[in-house]
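Visitor: Okay, sequence plus prediction incoming.
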Number of protein chains: 4
Amino acid sequence: MKAVRVHEYKKPPSLDDVPQPDLQDHHDVIVRIGGAGVCRTDLHVVDGWFENLMPVAAPFILGHENAGWVEAVGDAVTSVRVGDQVIVHPLSTCGVCSGCRHGEDMYCSTSAFPGVNTDGGYAEYLRTSQRSLVHLPEQLAPAAVAPYADAGITAYRAVRKAAAILRPGMTAAVIGVGGLGHIGIQLLGETTPAQIVAIDKAERGRDLARRVGAEVVVSPEDAPATIAELTGELGVDVVIDFVGEHDTPSLALEILRQGGTYFIVGYGATLNYDTTLLVLREITVVGNLVGNFDDLVGLMRLVERDRVRLETRTYTLDQAVQALDDLDNGRITGRGVLVPA
Amino acid sequence: MKAVRVHEYKKPPSLDDVPQPDLQDHHDVIVRIGGAGVCRTDLHVVDGWFENLMPVAAPFILGHENAGWVEAVGDAVTSVRVGDQVIVHPLSTCGVCSGCRHGEDMYCSTSAFPGVNTDGGYAEYLRTSQRSLVHLPEQLAPAAVAPYADAGITAYRAVRKAAAILRPGMTAAVIGVGGLGHIGIQLLGETTPAQIVAIDKAERGRDLARRVGAEVVVSPEDAPATIAELTGELGVDVVIDFVGEHDTPSLALEILRQGGTYFIVGYGATLNYDTTLLVLREITVVGNLVGNFDDLVGLMRLVERDRVRLETRTYTLDQAVQALDDLDNGRITGRGVLVPA
Amino acid sequence: MKAVRVHEYKKPPSLDDVPQPDLQDHHDVIVRIGGAGVCRTDLHVVDGWFENLMPVAAPFILGHENAGWVEAVGDAVTSVRVGDQVIVHPLSTCGVCSGCRHGEDMYCSTSAFPGVNTDGGYAEYLRTSQRSLVHLPEQLAPAAVAPYADAGITAYRAVRKAAAILRPGMTAAVIGVGGLGHIGIQLLGETTPAQIVAIDKAERGRDLARRVGAEVVVSPEDAPATIAELTGELGVDVVIDFVGEHDTPSLALEILRQGGTYFIVGYGATLNYDTTLLVLREITVVGNLVGNFDDLVGLMRLVERDRVRLETRTYTLDQAVQALDDLDNGRITGRGVLVPA
Amino acid sequence: MKAVRVHEYKKPPSLDDVPQPDLQDHHDVIVRIGGAGVCRTDLHVVDGWFENLMPVAAPFILGHENAGWVEAVGDAVTSVRVGDQVIVHPLSTCGVCSGCRHGEDMYCSTSAFPGVNTDGGYAEYLRTSQRSLVHLPEQLAPAAVAPYADAGITAYRAVRKAAAILRPGMTAAVIGVGGLGHIGIQLLGETTPAQIVAIDKAERGRDLARRVGAEVVVSPEDAPATIAELTGELGVDVVIDFVGEHDTPSLALEILRQGGTYFIVGYGATLNYDTTLLVLREITVVGNLVGNFDDLVGLMRLVERDRVRLETRTYTLDQAVQALDDLDNGRITGRGVLVPA
């Protein structure tokens, strides 16, 4: 089959002919890929950020945002059947460790992360396990929803935690309105009563924010003054930072009110803050990993009811390098998706 | 009356003769002081840490951990009567702002903080308001319980937040076993099922930790190895850091497990952490301000039932400088208390 | 002034000339009434349901859903000024008891309930206290929002509790789409991601349900079959019962899924259920009282942002008996409001 | 092997020679029984209470509180090995349905309940699946801990829910101090700061309550007066009813305070309550099913740390009828356990 593989860090991946994956375990499932989302994490993977954190032998296939159809199932598989239309949770998990038993798939002690530390879905077929598969209703085409598998549930998880805080009268600021941010804004609107302020340095992002329902849209430079006026000098109750690079942590901490909570989703920057202020302002800072299986189920129910919509741009498998380059240079509105021919 | 006042930052306070405070507002209450706790924050106040954060005109009376007897009440006071034995929440609050209506006294928009930005309780009498007063049952002498008014509720608030996380099978580490830490350990024992690891660099602190119920007691140097072994290399679920100075944030983040929560109570250090790790390890960092009125009520109910005990050392008012010096040099086990003659 | 008073239980109230209320306490506030909502509880008050539960000496003025303008303030009042436009929380509270300190105004140990056990707002003026008053922005006319003061916050409180349960993919059923129900449906839509099923025996209620955003609307007879199909035979996760009379408890328990929660808001019926089923089905039943002050603040912030709308029908003070009769006979869509001339 | 089987409802079970169970599925595990708890539910099973609710073909083996050693494992089993010492969660679950993915094993859509609707552990061997097995440390003998498998986790689940409510200063009443109740009291003590009132009609139960840490112990007749005095006429914040038969619901609702919560664990009685009171007193009633796998894990961690102790009385398999009779007639303190020879 065709597959896009990384051969060497910091070099562009290439389109290769490789053997199709086969069933190796009782719970294995082979998925024929209908769409694979193109994610900023793919850029980080290519650049070798995870070389030591989550080692993998090159060459390996990229792609952790996958959806498609069940092609083959292992002999202990009971939850899906050949032909089922599915979206794939990015982690393959064991089901019996403490993390799995608590529903926290990302904490699985023996997991594999296709596209990061094992072969992913920039390909015609993917091997995963039954525990990763969520049924898709007929009307949701895999290529149209694949990015929910990671971008979607990562935004969902942060918003879910924020929703436990956000009561009527509160304000939430979103930093960064790209693939994750434009889902996050819709989820805040759908699951919380908060007033939403969207912050993006690019006009493209601010336009997208307005389209998906942000009530106030502003550039990073204007954010502190706008928010001070909006909140009677108090600041916002919640910041969700989908960027986490450069100086977004400083901006986030500046616009937060006393007792406020800062959710960090994007990563790369260093958090640097005086504990005296952290205590006097009673700030909480929350790291957010990819969502779990249940987050993916919940999100797809909202998508089914048309409460969240994705802006996507489609590429063929052999355009993968172009898609990554477009993402890196801010030329994609919403999310790019690779579709095998 | 006699009162211990700061005249100039970074200079020792002095024992002065000053006028006794009088009733100025409908809700004012004059409290005859039975005991005033000596707190690390008093050292910070003397050193001028709060000079810009919470300005005050010198000279002013120190002391924010007060208990005693009601001496006089304003004409709208209904909740206490002259002669009542009371402990004093450290903040005087308005009762009608958003913070007060949510029970979050520390967020009061027009509050005063006796001993920090107005006259405190290192004196024979203190002016406060009815909203700050919690009744003490007869058996709880003011001098024996005064430190609960700040050290107590600050530990209580952090433990209360931690208790919402700590389930059976989890482990909580406490950094620093002094005035706050030795209350915190008891509260963890009384209100959560967590296994408690106490960390203190001094033998005095480690002894105190054992006396108040910590199951594992260790020095900062030995903490990482001990905790790794205790938790199967996972780390603790919760760290409560009562020091927050020097490199305790690094230690805290090192011993925490994936998905763990770091509560910062002591302050002074800078928090410095890579957001990539914060996200991958899904760490939460929680700043903790002094507790609210309800925290003080709850804590005193535990004290009444003898579930929490305080180790104190008594000084007279004219020994205030000595008491502060003893605290600064680690010569007090538990908490110092000033008692007017 | 003109006022509508109950002289004898089970007899229609009458429009009387009575003295205007005056300031009696430091915190008292006199409100000039702009609108007073007409509530099913008023019918119950007239019928004597509260004769023993909350005794009052007749004659007394009806009306617990009040809004208007501040006419006069006591000498310890700080949160409102003469001329302020306000909505009135139905309970006058002390501010210092345990209930008040927890923000649970309805649990105040020395409260008064205008219109139930003291004079209410079916009149030109009302005496209340500053703790009951929420500022209204200029664009929210008192007569247009008065019903939020009780109908609104009662629906809000039940929905707020339900919102802590309702995750994406869940379904909530609302029984009864009148004054409270049509607010409740909007609040579910605004503050939760639940799919909403509205149940009303009258076409008038079902029409209203559709207008305010219910996704599925059904009669009580058709509800069990419709819900079984909608939820794959599982049942709904949450029922909010705004009726609570006749056999609505049976219907609610029938349509609930295992692990589901039944919120009772309307009252009058008897709850009768086998504990074996309660345990095997692991059902939770939640009684809901009127909301607290903070609930009223939160609700008004949603109203300000035009997220909740009220359907009202206006009557003059001398039409009070007509308004009560219209309510009793199902002739009001949404909520009736009395407006002094 | 030897096994105690029900042949006909309302007739005593008999000790039979039956074939040893074998592996039938990839995830099956055969457990050699070390101990099987004798539960009130066994009496109900024999009496046919579950004949229609959870049908089973007679004859079948009783016993749902099992512990022992792994004898054989299916080819997809990864979490246990032959020889492991284990305690058995009472339900065999699928692992992939919605209930299982949320960690709520009792909500599994295709579960089997050994001892109720399939063969249980009043026998030498039991067939279960890997998902039901929790490792026991060497020092915890199966016969000494078996009752935790159902009595333990059922008490644990109710206490876990109550712990989310119980803050310092609150009071919890426990009705019924037998097998479940004496575990529940210890769990309340270990995981909450509540003051505990134990209510039992028998001196045997009241003695046991005192031994396991209840602060106040009282008969049902004296409970209302004692609690009124203890709580300043307010009532308790929480009732956990381990009986649920006869008139315990009336007692529970009588002693509860406004805003209080009534947890029903034992069953059989009918709940009968006026919704007007339910609303005015804002009471919550919570049904409680058997705990989930995670509850069993958490509980065993407390047992390992010696924070909870079980009072047991041992019987041999051929004394099963005697054990059931002793339970039915209140002759067992704590819990009976069958131990195969």
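Guide: Arrived safely.
Visitor: which residue sits closest to A:Phe85 in space, ignoring its chain neighbours?
Guide: No Phe there; residue A:85 is Gln. Counting by CB to CB, 6 or more residues apart in numbering or on different chains, A:Leu136 is the residue found nearest to A:Gln85 once chain neighbours are left out, at 4.4 Å. Using the backbone N, CA and C atoms, a C-beta is placed for each residue, glycine as well.
Visitor: dump the residue contacts of the one you found.
Guide: Residues near A:Leu136 by CB atoms under 8 Å, 6 or more residues apart in numbering or on different chains: A:Ala67, A:Gln85, A:Val86, A:Ile87, A:Pro142, A:Val145, A:Met300.
Visitor: likewise A:Val239?
Guide: A:Val239 neighbours (CB under 8 Å, 6+ apart): A:Ala172, A:Ala173, A:Val174, A:Ile175, A:Ala252, A:Ile255, A:Leu256, A:Gly260, A:Thr261, A:Tyr262, A:Phe263.
Visitor: Please list the residues of chain A that sit near chain B.
Guide: Proximity of chain A to chain B, by CB under 8 Å from any CB of the partner chain, involves residues A:49, A:53, A:104, A:106-107, A:244, A:249, A:258-259, A:264-276, A:278-289.
Visitor: Quick one: mark the members of those residues that sit in helices.
Guide: A:Pro249, A:Thr275, A:Thr276, A:Leu278, A:Val279, A:Leu280 (DSSP state H).
Visitor: Between those, which sits nearest B:Ala76?
Guide: A:Leu280 (30.9 Å; CB to CB).
Visitor: pLDDT score assigned to that closest one?
Guide: Looking at A:Leu280, its pLDDT stands at 94.
Visitor: how close does it sit to C:Val86?
Guide: To C:Val86, A:Leu280 is 34 Å away according to CB to CB, to the nearest Å.
Visitor: Between these two, tell me which one has more neighbours.
Guide: C:Val86 (24 against 18; other CB atoms under 10 Å in any protein chain shown).
Visitor: residues touching that one, list them.
Guide: C:Val31, C:Ala67, C:Gly68, C:Trp69, C:Val70, C:Val80, C:Leu133, C:Val134, C:His135, C:Leu136, C:Pro142.
Visitor: Pull out the buried residues from those.
Guide: C:Val31, C:Ala67, C:Gly68, C:Trp69, C:Val70, C:Val80, C:Leu133, C:Val134, C:Leu136, C:Pro142 (16 or more other CB atoms under 10 Å in any protein chain shown).
Visitor: helix/strand/coil for the second one?
Guide: The three-state assignment at C:Ala67 reads strand, by DSSP: H, G, I helix; E, B strand; the rest coil.
Visitor: Test my guess that it contacts C:Asp150.
Guide: No - in this structure C:Ala67 lies outside contact range of C:Asp150 using CB atoms under 8 Å: 11.0 Å.
Visitor: and A:Gly232, how many neighbours does it have?
Guide: Neighbours around A:Gly232, by other CB under 10 Å: 9.
Visitor: on that earlier part again, closest to A:Asp22 among the contacts of A:Val239?
Guide: Among the contacts of A:Val239, and counting by CB to CB, the member closest to A:Asp22 is A:Phe263, at 40.5 Å.
Visitor: pretty sure that closest one contacts A:Arg160?
Guide: No - counting by CB under 8 Å, A:Arg160 is not a contact partner of A:Phe263; they are 10.3 Å apart.
Visitor: after the strand or helix carrying A:Val174 comes which helix or strand?
Guide: If you go by DSSP states H and E, A:Val174 is part of strand A:171-175. Along the chain past strand A:171-175, the next helix or strand (assigned with DSSP H and E) turns out to be helix A:179-191.
Visitor: Report whether whichever helix or strand comes after that following helix contacts chain C.
Guide: Once the chain leaves helix A:179-191, the next helix or strand it forms, by DSSP H and E, is strand A:195-199. Yes - contact of strand A:195-199 with chain C is found when judged by CB under 8 Å from any CB, involving A:Gln195.
Visitor: What strands flank strand A:195-199, and is each parallel or antiparallel?
Guide: The pairing partners recorded for strand A:195-199 under DSSP bridges are strand A:171-175 (parallel), strand A:216-218 (parallel).
Visitor: got JSON lines for the ones you listed, with mean pLDDT and mean neighbour count too?
Guide: Listed next are the strands paired with strand A:195-199 as JSON lines, based on pLDDT from 0 to 100; neighbours: other CB atoms under 10 Å in any protein chain shown:
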{"stretch": "strand A:171-175", "mean pLDDT": "98", "mean neighbour count": "29"}
{"stretch": "strand A:216-218", "mean pLDDT": "98", "mean neighbour count": "19"}
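Visitor: who wins for proximity to C:Phe293 among those?
Guide: Nearest of those to C:Phe293, taken as CB to CB: strand A:171-175 at 20.5 Å.
Visitor: How far away from the center of its chain is the closest one?
Guide: 18 Å (CA atoms, centre = their mean, to the nearest Å).
Visitor: Check stretch A:113-128 too.
Guide: The answer for stretch A:113-128 is 16 Å, by CA atoms, centre = their mean.
Visitor: Between its first and last residues, how far does that stretch reach?
Guide: Taking CA to CA, to the nearest Å as the measure, stretch A:113-128 stretches 10 Å from start to finish.
Visitor: what comes up buried for that stretch?
Guide: A:113-128.
Visitor: got it, and stretch A:228-246?
Guide: A:230-231, A:234-244.
Visitor: would JSON lines of those with pLDDT, secondary structure and distance to D:Lys10 be doable?
Guide: Formatted as JSON lines, the buried residues of stretch A:228-246 follow (pLDDT from 0 to 100; DSSP: H, G, I helix; E, B strand; the rest coil; distance: CB to CB, whole Å):
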{"residue": "A:Leu230", "pLDDT": "97", "secondary structure": "helix", "distance to D:Lys10": "71"}
{"residue": "A:Thr231", "pLDDT": "96", "secondary structure": "coil", "distance to D:Lys10": "69"}
{"residue": "A:Leu234", "pLDDT": "95", "secondary structure": "coil", "distance to D:Lys10": "68"}
{"residue": "A:Gly235", "pLDDT": "98", "secondary structure": "coil", "distance to D:Lys10": "69"}
{"residue": "A:Val236", "pLDDT": "98", "secondary structure": "strand", "distance to D:Lys10": "66"}
{"residue": "A:Asp237", "pLDDT": "98", "secondary structure": "strand", "distance to D:Lys10": "61"}
{"residue": "A:Val238", "pLDDT": "98", "secondary structure": "strand", "distance to D:Lys10": "60"}
{"residue": "A:Val239", "pLDDT": "98", "secondary structure": "strand", "distance to D:Lys10": "65"}
{"residue": "A:Ile240", "pLDDT": "98", "secondary structure": "strand", "distance to D:Lys10": "61"}
{"residue": "A:Asp241", "pLDDT": "98", "secondary structure": "strand", "distance to D:Lys10": "65"}
{"residue": "A:Phe242", "pLDDT": "97", "secondary structure": "coil", "distance to D:Lys10": "64"}
{"residue": "A:Val243", "pLDDT": "95", "secondary structure": "coil", "distance to D:Lys10": "69"}
{"residue": "A:Gly244", "pLDDT": "94", "secondary structure": "coil", "distance to D:Lys10": "67"}
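Visitor: how far away is the residue nearest to the spatial centre of chain A from C:Ala72?
Guide: Nearest to the mean C-alpha position of chain A, by CA atoms, centre = their mean, lies A:Ala151 at 1.9 Å. A:Ala151 is 58 Å from C:Ala72, where distance means CB to CB.
Visitor: Over to A:Ala172?
Guide: Relative to C:Ala72, and taking CB to CB, A:Ala172 is found at 40 Å.
Visitor: now swap in A:Gly260 and tell me
Guide: 38 Å.
Visitor: higher neighbour count, these two?
Guide: More neighbours surround A:Gly260 than the other of A:Gly260 and C:Ala72, with 24 against 17 (other CB under 10 Å).
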